[in-house]
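K.L.:
Pasting the sequence and the predicted model now:
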Amino acid sequence: GDFLGNPNSIIERIRTYYIPLNPKENPRHAATAADNSNHALPMGPIGIAINGVVFFNPFDANSTDATDLMDRCCGHPAPDGQYHYHKYPICVNSPWADEGKEHSPLIGFAFDGYPVYGPYESKDVMAKDAIGEHALNEFNIHYDAERGWHYHVTPGKFPYIIGGYWGTEDSRDGQRGGRGGGMGGGPGGGGFGGPPG
């Protein structure tokens, strides 16, 4: 049926994704262009939330910003029926709350192995607004002594989840269709199978 203007319906999917256990920075990494002209991130899944729903890059099939047609959890189904997020999924806060009282909790992993955290860097400071050594780069990633390199979602600010792979994705994740040129060939990691979304 019609899904908030989206002609696609959610269909249960069982998929396996691979995440490097010891992520390493890729010296040839590239941040995604605002118009997707460099296809730095592949189309289709680029990471997975802790609830088993996959993250997609910021674009729809026409390389335009895909964050308009979303449900109340900030997700929607793809043409193949796979439900996914293009931006910070507010429903992933359950069963805890992220009210900006401290650094946000882990909400998932990108397929390069680096963790993805919620929007807050510290009490009342969103990572997208952090400056100095805590500022996010164009990949939406930064470093701290406690967590190492990690991504933050940036609500209302492109690229919303990640702006490119800081590390190298497992090549097995890049083989599942979609347009765009991902960088593959990373070391093998542990499999991560989430509940179908």
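P.N.:
That came through fine.

K.L.:
Now do the contacts for I141.
P.N.:
Going by CB atoms under 8 Å, 6 or more residues apart in numbering, I141 touches 114, 149-152, 162-163, 166. Yep, even glycine has a C-beta here, placed from its N, CA and C like the rest.

K.L.:
Tell me where the model's unsure across this structure.
P.N.:
By pLDDT under 70, the low-scoring segments of the chain are 1-13, 67-69, 93-96, 174-197.

K.L.:
quick one on the thing from earlier: mind listing which of the contacts of I141 are in strands?
P.N.:
Here DSSP state E is the test, and these give 149-152 as lying in strands.

K.L.:
Take the contacts of I141 and write them to JSON lines, including neighbour count and distance to A135.
P.N.:
Output for the contacts of I141, formatted as JSON lines (neighbours: other CB atoms under 10 Å; distance: CB to CB, whole Å):
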{"residue": "Y114", "neighbour count": "24", "distance to A135": "17"}
{"residue": "W149", "neighbour count": "18", "distance to A135": "14"}
{"residue": "H150", "neighbour count": "23", "distance to A135": "14"}
{"residue": "Y151", "neighbour count": "28", "distance to A135": "13"}
{"residue": "H152", "neighbour count": "26", "distance to A135": "11"}
{"residue": "I162", "neighbour count": "28", "distance to A135": "16"}
{"residue": "G163", "neighbour count": "25", "distance to A135": "13"}
{"residue": "W166", "neighbour count": "24", "distance to A135": "15"}
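
K.L.:
Give the buried residues for stretch 48-60.
P.N.:
Using 16 or more other CB atoms under 10 Å as the test for burial, stretch 48-60 gives 48-49, 51-60.

K.L.:
Looking at these, which one is closest to C73?
P.N.:
V53 (8.5 Å; CB to CB).

K.L.:
Y83 is in contact with the closest one, correct?
P.N.:
Yes: V53 sits in contact with Y83 when judged by CB atoms under 8 Å, with a separation of 5.9 Å.

K.L.:
one step back: could I get the buried residues of stretch 48-60 as a markdown table with secondary structure?
P.N.:
Output for these, formatted as a markdown table (DSSP: H, G, I helix; E, B strand; the rest coil):
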| residue | secondary structure |
| --- | --- |
| I48 | strand |
| A49 | strand |
| N51 | coil |
| G52 | coil |
| V53 | coil |
| V54 | strand |
| F55 | strand |
| F56 | strand |
| N57 | coil |
| P58 | coil |
| F59 | strand |
| D60 | coil |
